[in-house]
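Q: show me how the following folds:
(2 chains)
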Amino acid sequence: MMEIRAAGLGRRAGGRAILAGVDLEFSPGVVNVILGPNGAGKSTLLRLLGLLDRPGSGDIVYDGRWLSAMNGAERVALRRRCGFVFQAPLLLAASVEANLRFGARLRSLAVDDEALRRALAATGLAGKKKQEARLLSGGEKQRLQLARVMLLDPDLYLLDEPTANLDPLSVKNIEAAIARLAREGKTVILATHNLMQARLLAGRIVFLQAGRLVQAGSPSEVLSRPLSLDIAEFSAAENILSGTLARRDGRTVLDCGPLNIEVVSEREAGRAAAVIRPEDILVSLQPLDSSARNSFRGTVSAISDLGAVMALVVDCSGVAFTVFLTRISCAQMGLAAGGSVALTFKATAVHLLAID
Amino acid sequence: MSYLLDGLREGAALLLPPGREILQIIGLSLAVSGAATALAALAAIPAALVLALKEFRGKRLLVGLLNTAMAVPAVLIGLLVYGLVSRRGPLGALGLLFTPGAMVLAQALLAFPLITALALAALKGVARDARDLALSLGADRRQLAVAVIRQGRFAFLTAIIAGFSRVIGETGMTLMVGGNIKGQTRVLTTAISLETMKGNFEIGIALGIVLLLAALAINVALQLAQGK
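A: Okay, here's the model as predicted:
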């Protein structure tokens, strides 16, 4: 394990900031996921953490020691505690075995055949020892990168989109291996733009956008109560409605045009976006008599089968809501496209975001 | 047409077996251009590595200057070296003018920007990846240099050979600073130029054949080294 903290970390290239003023801590023992769209600075951050590039500004603390205070030998020693998996596999033009042994060779360490065999087996590459690395498939190359790093047993894993362009089975294998590393107490930092992977693996999510840290926290914090519209949109939140906050009859509402949604807000004016999770919306055939402050009648405009649940799109006066229902509820209520339903949700279920 | 063919026949005959004077000219050519290329490469390879791997202020300007330097006519470099080594020049005390030393200096100056720029262009693709790979797996400074040089060895070889081809074929500049003195500074190109103007067409052709063979041999060697 390794304790890492970034302080005001930044880097410029080609006259523009790719990363600016990032303050962050990473936790050992869980998968730290750096999430964000393409060009957010995820790879840049990973490269700085892995000592592949030098920070343009700011500093990094590794186990209480400042990077800027380290000499060359200390940096090499630190780098030898890191394992980096690149998005585009970087391999020696040599055999699989030579690639696996490369890191140990640089450290003047011997690798016994048993360890080699285990690393190959753990990544599904058993029997490929003598093959030319560049003749492997894309998935195999990616797994070879991971095997090569695991063989060195580093304290810190830096994984840059390790499952990009892989088939589902390879993705599953690699994800299982990553989860295992975190359970073993390693510090694992994974950059991805794959939301499902983040939900599946993350113990902590760090959201970057345009080189800046937007939010860091547990997956439920970041994904359910996003601090910015960027995160809400990126995390494909289903119900994002924008409107103007207003005071009406002693209550605070978000005026979305055709609908007024009652919200809990300290602000009572200005533009805002509301995020309502589909699972927080109740569907009924008749309007419910309940304490929930928001109730709207609408028409089912589409039903799609998501496997475990059914997704309904309900049109309420021109505003489309997505809601989730179990298959059984859907059948019992006899719901079909064109049917009339009522939607009900609490004012506290509305997560508000300020927009400029 | 028969004039050309006769020249070719007589030229070939002069090489079977080559006379002492021709052998000496070939030897000096290879020695001067070989030394010049080696000298240039010693400076150019590290320069290319630094330009490919390091980020520093003014790098773009330096690369721009390098590309400009490649376009400088050889005769201007000849002029510069002439000025440097002639008796009243800063290096005049060394007495290099009209010696192989001056020729090596001029040819090295000609080859340096070419080798640097070619090596840099070829390194761009491989150096960063080789660096990332070695660094990420824990290479120290020396191991990093070895890994990148290993990865770039064909790039270097190609650039060096291009540099050698350029300087061994150089005439005007070599004539300016070497003087084409028989038995001392006469090389293949200056000899061809002189003999042809003297009307000894067949000697020019014989020496031309040698130059062509040298170019051919170098390229075959390069292809073999790259395993193609």
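
Q: helices along the stretch 1-150 of chain A, start to end?
A: Counting by DSSP state H, counting those that start in this stretch, the stretch 1-150 of chain A has these helices, from start to end: A:42-49, A:72-79, A:96-106, A:113-122, A:138-150.

Q: now swap in chain B and tell me
A: For chain B, applying DSSP state H gives helices covering B:2-14, B:20-53, B:59-70, B:74-85, B:100-136, B:141-151, B:153-168, B:172-178, B:188-197, B:201-225.

Q: out of those, which gets nearest to chain A?
A: The closest of the helices of chain B to chain A is helix B:100-136. By CB to the nearest CB, the value is 3.8 Å. C-betas here are computed from N, CA, C, even on glycine.

Q: about what we covered before: who wins for proximity to residue A:197 among the helices of the stretch 1-150 of chain A?
A: Between residue A:197 and these, the tightest spacing by CB to CB is seen for helix A:42-49, at 12.9 Å.

Q: CSV for the helices of chain B, including mean pLDDT and distance to chain A?
A: Compiled in CSV, these are given as follows (pLDDT from 0 to 100; distance: least, CB to the nearest CB, whole Å):
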stretch, mean pLDDT, distance to chain A
helix B:2-14, 81, 44
helix B:20-53, 92, 12
helix B:59-70, 91, 11
helix B:74-85, 93, 34
helix B:100-136, 92, 4
helix B:141-151, 88, 5
helix B:153-168, 90, 11
helix B:172-178, 92, 39
helix B:188-197, 91, 38
helix B:201-225, 85, 15
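
Q: so which of those gets nearest residue A:241?
A: helix B:100-136 (44.9 Å).

Q: now the closest one: buried residues?
A: B:100-120, B:122-123, B:126-127, B:130-136 (16 or more other CB atoms under 10 Å in any protein chain shown).

Q: follow-up on the earlier one: include distance to residue A:316 when you put the helices of chain B into CSV, please.
A: As requested, these are exported to CSV (distance: least, CB to CB, whole Å):
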stretch, distance to residue A:316
helix B:2-14, 94
helix B:20-53, 60
helix B:59-70, 58
helix B:74-85, 80
helix B:100-136, 53
helix B:141-151, 62
helix B:153-168, 65
helix B:172-178, 85
helix B:188-197, 88
helix B:201-225, 73
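
Q: ok, which of those helices comes nearest residue A:328?
A: helix B:100-136 (51.5 Å).

Q: show me what the closest one packs onto, helices and strands only.
A: Secondary-structure packing of helix B:100-136 (3 or more CB pairs under 8 Å, 6 or more residues apart in numbering or on different chains; DSSP states H and E): strand A:82-85, helix B:20-53, helix B:59-70, helix B:74-85, helix B:141-151, helix B:153-168, helix B:172-178.

Q: does residue A:340 touch residue A:297 like I think?
A: Yes. Between residue A:340 and residue A:297 there is a contact at 6.8 Å, judged by CB atoms under 8 Å.

Q: in the stretch 151-300 of chain A, which residue sits closest to chain B?
A: residue A:152 (7.4 Å).

Q: next, that residue: secondary structure please.
A: coil (DSSP: H, G, I helix; E, B strand; the rest coil).

Q: list the contacts for it?
A: A:80, A:83, A:103, A:104, A:107, B:137, B:138 (CB atoms under 8 Å, 6 or more residues apart in numbering or on different chains).

Q: now rank those residues by neighbours and give me the top one.
A: residue A:83 (28 neighbours; other CB atoms under 10 Å in any protein chain shown).

Q: circling back to that earlier point, could the contacts of residue A:152 go into CSV alongside pLDDT?
A: Converted to CSV, the contacts of residue A:152 look like this (pLDDT from 0 to 100):
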residue, pLDDT
A:80, 95
A:83, 94
A:103, 91
A:104, 90
A:107, 90
B:137, 94
B:138, 92
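
Q: residues touching residue A:335, list them.
A: A:283, A:300, A:303, A:312, A:325, A:341.

Q: rerun that using 6 Å as the cut-off
A: residue A:300 (CB atoms under 6 Å, 6 or more residues apart in numbering or on different chains).

Q: shouldn't it be within a strand?
A: No. Applying three-state DSSP, one finds residue A:335 to be coil, outside a strand.
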